[in-house]
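[1] here is my input, please return the structure:
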Amino acid sequence: MYAIPGIISFIFCILSAVLLVLKKRSAPAAAYAALFFFALTCLAECRMAAGWVRAGDWNALEDTLVSDAAGMTKLMAAVIAVNAAALIAEVPRRRRSI
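    Presented below is the predicted three-dimensional model:
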């Protein structure tokens with residue numbers, strides 16, 4: 001179930017990068033949405049693992065979470081980097097408009 005918010009986060013991340021390149025004012029909103037859905041992805045994965053622990057399915061934990069950890073770490077780094085760029089690039093525009 002964590003794949004759905006992960007895909008939505010990835011879409012918002014790409015949208016944020018595109019909006020940043022196009023210099024649209026909605027780039028930070030897309031960045032915040034991407035970070036929000038990424039947080040939901042992490043929570044959904046933790047909930048899934050907690051369910052496996054409650055059921056005593058240790059093989060699922062050993063098979064899935066070890067391989068998912070590397071991918072989730074890379075995805076987290078990419079989402080944070082792209083969205084940080086969108087949010088940092090927006091700061092000078094806000095200062096000029098004041």
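[2] least trustworthy helix or strand in this structure by mean pLDDT?
    Using mean pLDDT, DSSP states H and E, the weakest-scoring helix or strand in the chain turns out to be helix 66-97, at a mean of 72.
[3] and the most centrally placed residue in the chain, backbone torsions?
    Nearest to the geometric centre of the chain sits Phe38, at 2.8 Å (Cα atoms, centre = their mean). With angles defined as degrees, to the nearest 10, Phe38 sits at phi -70, psi -40.
[4] list the contacts of the closest residue to Leu19 other than its chain neighbours.
    Nearest-residue entry for Leu19: Ala27, 3.9 Å, with adjacent residues in sequence omitted and distances by Cβ to Cβ, 6 or more residues apart in numbering. The C-beta positions use only the backbone N, C-alpha and C, and glycine is treated the same way. Ala27 sits next to Ser16, Leu19, Leu20, Ala86, Ala89, Glu90 when contact means Cβ atoms under 8 Å, 6 or more residues apart in numbering.
[5] wait, isn't Ala60 in contact with Trp52?
    Yes. Between Ala60 and Trp52 a contact is recorded at 4.7 Å, counting by Cβ atoms under 8 Å.
[6] buried sites along whichever helix or strand Cys13 is part of?
    If you go by DSSP states H and E, Cys13 is part of helix 3-21. Buried residues in helix 3-21, counted by 16 or more other Cβ atoms under 10 Å: Pro5, Gly6, Ile8, Ser9, Phe10, Phe12, Cys13, Leu15, Ser16, Ala17, Leu19, Leu20.
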